[in-house]
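1. A predicted structure for the sequence below; I have some questions about it.
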Amino acid sequence: MNKKKISIVAVSAVVIVSLGLGFNSIFKKANTLETDNNDTVVSDQSIETGDELNTEEAKVDKTETKKENKENKKNEDTTDSSGNSNKNSSKSTKTDGTETKKPNNEEVEKADNSSEKPKPSNNEKPKPGNSSEKPKPSNNEKPKPSNNEKPKPGNSSTKPKPENNQTITSPKPENKTVTIAISCKTAINNGLNKKPGFSHLPSNGIILQNMKVEFNEGDTVFDILVKVTRKKGIHMEYRGSGSNTYIEGINNLYEFDGGSNSGWMYSVNGVYPNYGVGAYKVKSSDVIKFNYTCNLGADLGARAN
């Protein structure tokens, strides 16, 4: 039987006992036998419960009920109302100098409570979060990367930029240059600039001072002369092509203007080659000079090669 059934049976037993005693007082001696039977039935029911009262207590209840019935008979002769009989029934009887009390409703409930299983106290209830909680991560856990440790996009994949002092520049190829100059001093020395039609000639005889000119691999003296005269706007006229190219006039000064042995000659590094300007390929740092002669180069100190 569960706790509720036990408490119901105990309460019903007490109620039945009280009702039986009430009926005894009303019906007096005529109903004494019936109350005895009811009391024995009640005592039997209380014995059947067995969870709260043991067998010895049930026997004591039987004897007590019999003694109470006898005393009730004596008390009914002296008492006039049923209220006095109820008081006498609630009083305890003394046997052999000891006082025995009938279990009332409170004692039955206490017995029921004592047989119940002990409920866990408030202190025994597991507080949420104490034992069932998962342990919090300790300080030994791996620290999260701080803002300064976050990898910036592009830092790992980009190539390191060279510093200002470490700029890598591919060496540029050196420019190949030559120096060229144009002069007609011999014609001025012979007074040709004083004749009609030659007043345009410079008085010092220098048509072009030394000038550096870049050249490409394979350029000839003629190629250098063409670049310079076009750049400076100097008149130049020639005939032939390739190795047969011949310079007829520069700055409107032609061959035979200074005599039958006059004309233009060129030298490279102080040497006058014996072949045309279209056949001589220049080298870097060459010094080229075009000079006008009035005596087949003798007035220039030309040394033919």
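-> On my side now, so go ahead. Numbers count the residues shown, from 1 in each chain.
2. Going by C-alpha atoms from here, please, whenever you check contacts or count neighbours.
-> Noted.
3. Can you classify N295 by secondary structure?
-> Here N295 is recorded as coil under DSSP: H, G, I helix; E, B strand; the rest coil.
4. show me the contacts for it.
-> Going by CA atoms under 8 Å, 6 or more residues apart in numbering, N295 touches 261-262.
5. What pLDDT is listed against it?
-> Confidence at N295, expressed as pLDDT, is 94.
6. And for the one 3 residues further on?
-> Turning to A298, the model gives it a pLDDT of 94.
7. from here on, count from 38
-> Understood, numbering begins at 38; the last thing we discussed is A335.
8. Low-confidence ranges, the stretch 138-287 of the chain, go.
-> Segments of the stretch 138-287 of the chain classed as low confidence (criterion: pLDDT under 70) are 138-211.
9. which residue ranges form the helices in it?
-> According to DSSP state H, counting those that start in this stretch, the stretch 138-287 of the chain carries its helices in the segments 142-152, 222-226, 258-269.
10. Identify the residues contacting the longest one?
-> To tie it back to what came earlier, the one meant is helix 258-269. Defining contact as CA under 8 Å, 6+ apart, one finds that helix 258-269 is touched by 217, 250, 252, 272-273, 282, 314-319, 325.
11. now do stretch 270-290
-> Against stretch 270-290 from outside (CA under 8 Å, 6+ apart): 235, 238, 244, 259, 263, 266, 291-292, 300-301, 312-317.
12. Just send the contacts of helix 258-269 back as JSON lines, with distance to G57 and neighbour count too.
-> Shown next, in JSON lines, are the contacts of helix 258-269 (distance: CA to CA, whole Å; neighbours: other CA atoms under 10 Å):
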{"residue": "I217", "distance to G57": "156", "neighbour count": "22"}
{"residue": "V250", "distance to G57": "149", "neighbour count": "16"}
{"residue": "F252", "distance to G57": "147", "neighbour count": "18"}
{"residue": "H272", "distance to G57": "161", "neighbour count": "13"}
{"residue": "M273", "distance to G57": "162", "neighbour count": "17"}
{"residue": "T282", "distance to G57": "163", "neighbour count": "16"}
{"residue": "V314", "distance to G57": "161", "neighbour count": "24"}
{"residue": "G315", "distance to G57": "159", "neighbour count": "19"}
{"residue": "A316", "distance to G57": "160", "neighbour count": "17"}
{"residue": "Y317", "distance to G57": "159", "neighbour count": "18"}
{"residue": "K318", "distance to G57": "155", "neighbour count": "14"}
{"residue": "V319", "distance to G57": "154", "neighbour count": "23"}
{"residue": "I325", "distance to G57": "159", "neighbour count": "25"}
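13. Looking at those, spot the one nearest K42.
-> F252 (126.0 Å; CA to CA).
14. Just the buried subset of the contacts of stretch 270-290, written out for PyMOL, thanks.
-> Command for PyMOL that selects the buried part of the contacts of stretch 270-290, burial taken from 16 or more other CA atoms under 10 Å:
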select buried, resi 235+238+244+259+266+291+292+300+301+313+314+315+316+317
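15. Just the ones in strands from the contacts of stretch 270-290, please.
-> Judged by DSSP state E, strands contain the following of these: 244, 291, 300-301.
16. Now flag whichever of those residues is closest to N109.
-> Nearest to N109 among the ones in strands among the contacts of stretch 270-290, with distances taken as CA to CA, is I244, at 170.6 Å.
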